[in-house]
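Chemist: kindly generate the corresponding structure for this input.
(4 chains)
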2 protein chains.
Amino acid sequence: MRTSCRFAMAVHVLSVLAYQEGDRVTSAALAESVNTNPVIIRRLLLSLQKAKLIDTCRGAGAGSRLNRSPRRINMAEIYRSVEESEPFATLTRKPDAHCPVGRSIIAVIDEIFSSAEVAMERDLAKTTLADVLQKVKTG
Amino acid sequence: MRTSCRFAMAVHVLSVLAYQEGDRVTSAALAESVNTNPVIIRRLLLSLQKAKLIDTCRGAGAGSRLNRSPRRINMAEIYRSVEESEPFATLTRKPDAHCPVGRSIIAVIDEIFSSAEVAMERDLAKTTLADVLQKVKTG
DNA sequence: TAGTTTGTAATGCCAACAGTTACATAAAAG
DNA sequence: CTTTTATGTAACTGTTGGCATTACAAACTA
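Modeler: Residues are numbered from 1 along each chain as shown, chains lettered A, B, ... in the order given. Next comes the predicted model:
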């Protein structure tokens, strides 16, 4: 299983915004910290805007800033904002319906996957952006 | 985040083997149920062999069968046998070391990822192959 | 020896995604 | 109102990963 690196990038970006405590940061500055292209950052920021995690302005002296306290932003929420595809890939091709197993395995597998995903998100929800920021500062 | 479909395929394949209760099944037969190529199946079987989940023989009348009771095989073990890459992708490029956040964010992110992965595997461990087989038979 | 099945290499193909360039749009500053 | 700064977005490239396929040697049975 393999995520895109959007989640890791989002945590990084939001940490920088939290670090700046309300000052607006440009996509260029964020891109420098993440070491990538500003366009990659802007595409990510669009997802974070939709989730109302940040607030972005255009024009001179503009950029992005957090929309709420780092205490009230957790990893699960970030994960859901930026990760579009399901974590577990199901079978690409349809199992053989003539096989008694093939006929009903998909539903069973889906159930397993959903449960695991919920468990994972529940764990992610335990960590807030404030926790992350603190570790970044002390570590 | 996105897994390969090897995990789903492995659950499918092992379910068929459990269904056959010790009779050897060829990669061709398994491939038919999964609706894929026998070579794909054989590569998957190699991973399951390494994990000692199955026992495979070559030659006429040969094939694969389970190496232990479906009760003693759980989803976490299957997951670990066939899924080689980490579920969460970290940043492809190195963050800027001049940025106070960039300098230490990787370690913090890794910690978050490890914890989430453990939580996910703990959930997967709750379901055995016997559970899956029962659902397949009744559903 | 003939027949069956796995192990494995070589190759093709396709989708996903990071990255890049380019430019229109919007907002602030002078 | 013009200049400057910054975002939004489209278009394209390049790379990577992974499924699929063909082909054949190796192992095993009868």
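Chemist: pretty sure A:Val108 sits against B:Gln134.
Modeler: No. Counting by C-beta atoms under 8 Å, A:Val108 does not reach B:Gln134; the two are 9.4 Å apart. The C-beta positions use only the backbone N, C-alpha and C, and glycine is treated the same way.
Chemist: quick one: is the helix or strand harbouring A:Asp55 near DNA strand D?
Modeler: Using DSSP states H and E, A:Asp55 falls within strand A:54-57. Yes. Strand A:54-57 lies within reach of DNA strand D by C-beta under 7 Å from any atom of the strand, at A:Thr56, A:Cys57.
Chemist: partners of that strand, with directions?
Modeler: Within its sheet, strand A:54-57 is paired with strand A:63-66 (antiparallel), according to DSSP bridges.
Chemist: moving C-terminal of the partner strand, what's the next helix or strand?
Modeler: helix A:75-82.
Chemist: what element comes up after that next one heading to the C-terminus?
Modeler: Using DSSP H and E, the next helix or strand after helix A:75-82 towards the C-terminus is helix A:100-124.
Chemist: chain A against DNA strand D: which residues are in contact?
Modeler: Residues of chain A lying close to DNA strand D by C-beta under 7 Å from any atom of the strand are A:2, A:26-28, A:38-39, A:42-43, A:45-46, A:49, A:56-64, A:89, A:92-93.
Chemist: if I look at the residue of chain A found nearest DNA strand C, how far off is chain B?
Modeler: Residue nearest to DNA strand C within chain A: A:Gly59 (2.9 Å; C-beta to the nearest atom of the strand). Here A:Gly59 is placed at a distance of 24 Å from chain B (C-beta to the nearest C-beta, to the nearest Å).
Chemist: helix, strand or coil for A:Ser4?
Modeler: For A:Ser4, the assignment made with DSSP: H, G, I helix; E, B strand; the rest coil gives coil.
Chemist: in terms of pLDDT, where does it sit?
Modeler: On pLDDT, A:Ser4 comes in at 78.
Chemist: doesn't A:Ser47 make contact with it?
Modeler: No. With contacts counted by C-beta under 8 Å, A:Ser4 stays clear of A:Ser47, the gap being 11.3 Å.
Chemist: more neighbours: which of the two?
Modeler: Looking at A:Ser4 and A:Ser47 with other C-beta atoms under 10 Å in any protein chain shown, you find the greater number of neighbours at A:Ser47, namely 18 against 15.
Chemist: what about the more buried one, which helix or strand?
Modeler: helix A:38-50.
Chemist: then A:Leu14?
Modeler: helix A:6-19.
Chemist: report the buried residues of the helix or strand just after that helix.
Modeler: As assigned by DSSP H and E, the chain's next helix or strand after helix A:6-19 is helix A:27-34. Neighbour-count burial for helix A:27-34, counted by 16 or more other C-beta atoms under 10 Å in any protein chain shown, picks out A:Ser27, A:Ala29, A:Leu30, A:Ala31, A:Glu32, A:Ser33, A:Val34.
Chemist: spit out the contact partners of the nearest residue to the second one once chain neighbours are set aside.
Modeler: Nearest in space to A:Ala29, with sequence neighbours left out and distances taken as C-beta to C-beta, 6 or more residues apart in numbering or on different chains, is A:Gly63 at 7.4 Å. Listed by C-beta atoms under 8 Å, 6 or more residues apart in numbering or on different chains, the contact partners of A:Gly63 are A:Arg24, A:Val25, A:Thr26, A:Ser27, A:Ala29, A:Thr56, A:Cys57.
Chemist: quick one: A:Glu83 from A:Val11, how far?
Modeler: Distance of A:Glu83 to A:Val11, computed by C-beta to C-beta, to the nearest Å: 12 Å.
Chemist: ok, the most centrally placed residue in chain A - contacts?
Modeler: The residue lying closest to the centre of chain A (C-alpha atoms, centre = their mean) is A:Tyr79, at 3.0 Å. Neighbour list for A:Tyr79: A:Phe7, A:Glu121, A:Leu124 [criterion: C-beta under 8 Å, 6+ apart].
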